[in-house]
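# just a sequence and a predicted model for now, questions to come.
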Amino acid sequence: MNTELEFEQQSQKMSCFLPLTLLAVSLLAILFFQVSLLISQKSLLNNAIEQGKPGVQQSQQVQAGLSNLLQDVMAAAQNDKDAQAIIDKYGIRPVAGAAPAAPAQQ
């Protein structure tokens, strides 16, 4: 009788060990999966940034070239009626405080 009571107490103690262990293992598995996803996303993001750098450089060169062209047209408009007509037609106005753009590298 005594051993039967001990067996029941021991089985009650053991009954919560297995579910808690399975819960802990499943949480660790989910955590590992999430960390591996983050690592792969980080590498994909770094690759996308590296692939975008040439496009950014090219757009900066185009912007510098267009800025220089605009300044040339503005300068020519002071003496040339055709250039002044272009400025009036498209409503080109100098931006206050705009510094001259660096020459485009080719």
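Perfect, thanks for sending it. All figures in this text were calculated on a predicted structure; none of them were measured in a lab. Residues are numbered from 1 along each chain as shown.
# stretch 52-60: which residues count as buried?
Under the neighbour-count criterion of 16 or more other Cβ atoms under 10 Å, stretch 52-60 has nothing buried. Where you see a C-beta, it was placed from the backbone N, CA and C, and this is true even at glycine.
# pull the longest helix from this structure.
Looking across the chain with DSSP state H, the single longest helix is helix 17-76.
# against which helices or strands is that helix packed?
Using 3 or more Cβ pairs under 8 Å, 6 or more residues apart in numbering; DSSP states H and E as the contact definition, the elements that helix 17-76 packs against are helix 81-90.
# ok, and what's touching the helix it packs on?
V73, M74, A76, A77, I92 (Cβ atoms under 8 Å, 6 or more residues apart in numbering).
# and it, how far out from the chain's middle?
Offset of helix 81-90 from its chain centre (Cα atoms, centre = their mean, to the nearest Å): 41 Å.
# what's the mean pLDDT across that helix?
The average pLDDT within helix 81-90 is 87.
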